[in-house]
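> Build me a structure from this.
(one chain, ligands or ions: 2)
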Amino acid sequence: MGTPFLDSLGRAVTYLRVSVTDRCDMRCVYCMAENMSFLPKAEILTYAELERLCAAFIRSGVTRLRVTGGEPLVRRDIGSFFQTMGQWLNRTGDGGHLDELTVTTNGSRLEEHADMLARSGVRRVNISLDSLDSEKFHRITRRGDLDRTLAGVRAARAAGLAIRINTVAMAGVNDDEFDTLLAWCGEIGADLCLIETMPMGETGEDRSDRYLPLSAVRADLSRRWTLEPLAERTGGGPARYLRVRETGRRLGLITPMTHNFCESCNRVRLSCTGQLYPCLGNEGATDLRQPLRDGASDADLLHLVQSALLRKPKGHDFVIGRRADDPAAIRRHMSVTGG
Ligand code: SAM
Ligand code: SF4
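Ligands and ions are numbered 1, 2, ... in the order given. Sure, this is the predicted structure:
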C-alpha cells in the first residue's frame, strides 16, 4: 500500500464517503427542499468512474468506505457497485485493501437489498429514522413510509447486518421520542446515534429554531438512563459513544455544532459528480470528474487528490442561524456531498 494521505495538519485520511447519487425517494425537511431538482444523468459519475476513483483512494491508504447519497439504494444496479467494492475487502498485498464497506440509507429499499449488501461484504449499516410515529415520520420525510423503513430494518437484522439508527434531533419535532427510540434500539439490538442539525443547503425550512444542542439532550437522558462514556470512536466516524447500561447498546452523539470534531477528522467526501470535498462544512472542492473524463492517468488523479488534501481546512464553517443567502453559508445539500 502507498503512503497514507496526510493533510497539511498531519491527519491521515483513511476514510472515504462516496455519494453515488443525489436522488432520493424522500425529502427530509432538514436535508432537501420539497421541490428539489436533481442533476442530469450526464453529470453523475458512472459506476466505472466511481470504481476507478475509489480504487485510487484505496491504493493510497483509504481502508474504510461508506456509500451514501442521496439515497444510495435507489440507484439502478447498485448491487454491482457494492459487489465490485466488496472485492477490496480482506485483500492482502501492497495494492491497497478495505477493512470496512458500509452504507448509510433511509431503509426504504433495504428489504430488497439487505441480502445483497451482506453478500458483498457489508457488515454494518446506518439507517436513518427520526420518528417511530408514522404520521410524524411522514411529515419529517415528506414522502417516507415508516412501515417500509421498519421492514428494511427487519431485513437488515435477518441478513445479519449490525445496525445503527441515525436520528436527527429536532427541537419540538422528535425530542419527545428519544427515550422510546433508545428503548426500541435496545429491543432490536441496534445502536442509536443522535445528530445535531447542520445548516446545509436551502430546504425551505428555517432550521435555527429546530436546532437542539445534544449536550442538553444527554443531560436529560442521564436522568433516566445510565450512560457510561466509551473511550473509542468506533468506525473512524465523528460519533462519540456512551454505553446505555439498561440496554447494553450504545448511544452515539454527533455534535458538530456544540463540539467541533475537526481536530481528529480522518474523512474526505467524494460527491456523485466527482467533486472531492476535504471537509463537509466548507465549500472548498477539487473536481476529479473533468480530468477523469479527459483521460487522466491514475498518477495524475492521485496528484490532484493529494493537492486537495493539503487544502483540507482546520475546521468547518457551520454557524447555526446563518441565513442561507449569507455569502459564507454552505449552499450545498447534504444529499449532493453525501452525509
Ligand atoms: N439517504 C440516506 C439517509 O438518509 O440515510 C443517506 C444520505 S443522508 C444525506 C445521510 C445522513 O445525513 C442521514 O442520517 C441524515 O439524517 C443526515 N442529514 C441530512 N441532512 C442533515 C442536516 N442538515 N443536518 C444533520 N444531518 C443531516
Ligand atoms: Fe433523502 Fe437521506 Fe436526505 Fe432524507 S436525509 S432526504 S432520506 S438523502
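> give the contact list for Phe246.
Let me fix one detail, which is that residue 246 is Glu and not Phe. For Glu246, the contacting residues are Gly186, Trp225, Thr226, by C-beta atoms under 8 Å, 6 or more residues apart in numbering. The way it works is simple: take the backbone N, C-alpha and C, and place the C-beta from them, glycine included.
> Report the buried members of these.
If you count burial by 16 or more other C-beta atoms under 10 Å, the buried members of the contacts of Glu246 come out as Gly186, Trp225.
> can you tell me which of the contacts of Glu246 are in helices?
For the contacts of Glu246, membership in helices holds for Gly186, with DSSP state H as the criterion.
> export the contacts of Glu246 to TSV and tack on pLDDT and distance to ligand 2?
Converted to TSV, the contacts of Glu246 look like this (pLDDT from 0 to 100; distance: C-beta to the nearest ligand atom, whole Å):
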residue	pLDDT	distance to ligand 2
Gly186	98	24
Trp225	98	26
Thr226	98	31
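> Include distance to Ile58 when you put the contacts of Glu246 into JSON lines, please.
Written out in JSON lines, the entries for the contacts of Glu246 read as follows (distance: C-beta to C-beta, whole Å):
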{"residue": "Gly186", "distance to Ile58": "36"}
{"residue": "Trp225", "distance to Ile58": "39"}
{"residue": "Thr226", "distance to Ile58": "40"}
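> Quick check: residues of the stretch 151-300 of the chain near ligand 2?
For the stretch 151-300 of the chain, no residue is in contact with ligand 2 (C-beta under 6 Å from any ligand atom).
> go again using 8 Å as the cut-off
For the stretch 151-300 of the chain, the contact set with ligand 2 under C-beta under 8 Å from any ligand atom comprises Val168.
> Next: the stretch 1-150 of the chain.
Within reach of ligand 2 by C-beta under 8 Å from any ligand atom, the stretch 1-150 of the chain has these residues: 24-28, 30-32, 69-71, 104-106, 108, 128, 141, 144.
> Inside strands: which ones of these?
Judged by DSSP state E, these include Thr104, Thr105, Ser128 as members of strands.
> The nearest residue to the last one once chain neighbours are set aside and Thr149: what is the separation?
So that's Ser128. Counting by C-beta to C-beta, 6 or more residues apart in numbering, the nearest residue to Ser128 once its immediate chain neighbours are dropped is Asn166, at 4.5 Å. Taken as C-beta to C-beta, to the nearest Å, the spacing of Asn166 relative to Thr149 amounts to 12 Å.
> who's more crowded, these two?
Taking other C-beta atoms under 10 Å, Asn166 and Thr149 do not tie; Thr149 has more neighbours (26 against 21).
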